[in-house]
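Student: 3D, please:
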Amino acid sequence: MNNTLGKKERLKSRKLIGRLFEEGTSIKNFPYRLVYLSTEITSVFSVKASFSVPKRNFKKAVDRNRIKRLIKEAYRLEKKNAFKTTSYNCVFMITFLGKKAPTFSEAQKKIGELLKLFIERQKRKENE
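Tutor: A predicted model of the protein is given here:
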């Protein structure tokens with residue numbers, strides 16, 4: 001898995017995002033929530049991700065966009081460690097739930113923990 005986060009790795013489909021929230025499973029690691037859904041993706045990338053920050057907590061678009069940039073960069077750096085042994089066909093939505101903007105080191109640590117929780121849950125599911 002490359003250490004990039006290109007356009008083809010991002011989740012953009014409105015239909016798929018709708019299905020994700022209807023049928024998906026969530027994992028919380030405050031202040032982040034990961035909603036995922038296993039699907040058959042017709043892309044070269046096995047995982048597609050999207051990121052959101054609610055307008056309720058951050059009124060200014062500048063603040064929301066900055067937090068999304070931090071989350072994207074943290075995900076880009078941590079996904080290589082998380083998915084080095086396995087590849088799952090799924091889509092993600094990572095949402096920031098906190099009321100205070102995170103620092104990059106906090107974001108990277110929490111996103112790494114969140115991805116590890118996801119991997120553990122998938123391994124348990126496979127073993128059942």
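
Student: what about the residue most central in space within the chain, which SS state?
Tutor: In the chain, the residue lying closest to the centroid (Cα atoms, centre = their mean) is Ile94, at 3.8 Å. The three-state assignment at Ile94 reads strand, by DSSP: H, G, I helix; E, B strand; the rest coil.

Student: so who does it touch?
Tutor: Each residue near Ile94 by Cβ atoms under 8 Å, 6 or more residues apart in numbering is listed here: 32-34, 49-52, 71, 75, 111, 114. All C-beta atoms are positioned from the backbone trio N, CA, C, and that covers glycine.

Student: with Glu73 instead?
Tutor: Applying Cβ under 8 Å, 6+ apart to Glu73 gives the contacts 104, 107-108.

Student: how about JSON lines for these, with pLDDT added?
Tutor: Shown next, in JSON lines, are these (pLDDT from 0 to 100):
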{"residue": "Phe104", "pLDDT": "96"}
{"residue": "Ala107", "pLDDT": "96"}
{"residue": "Gln108", "pLDDT": "95"}
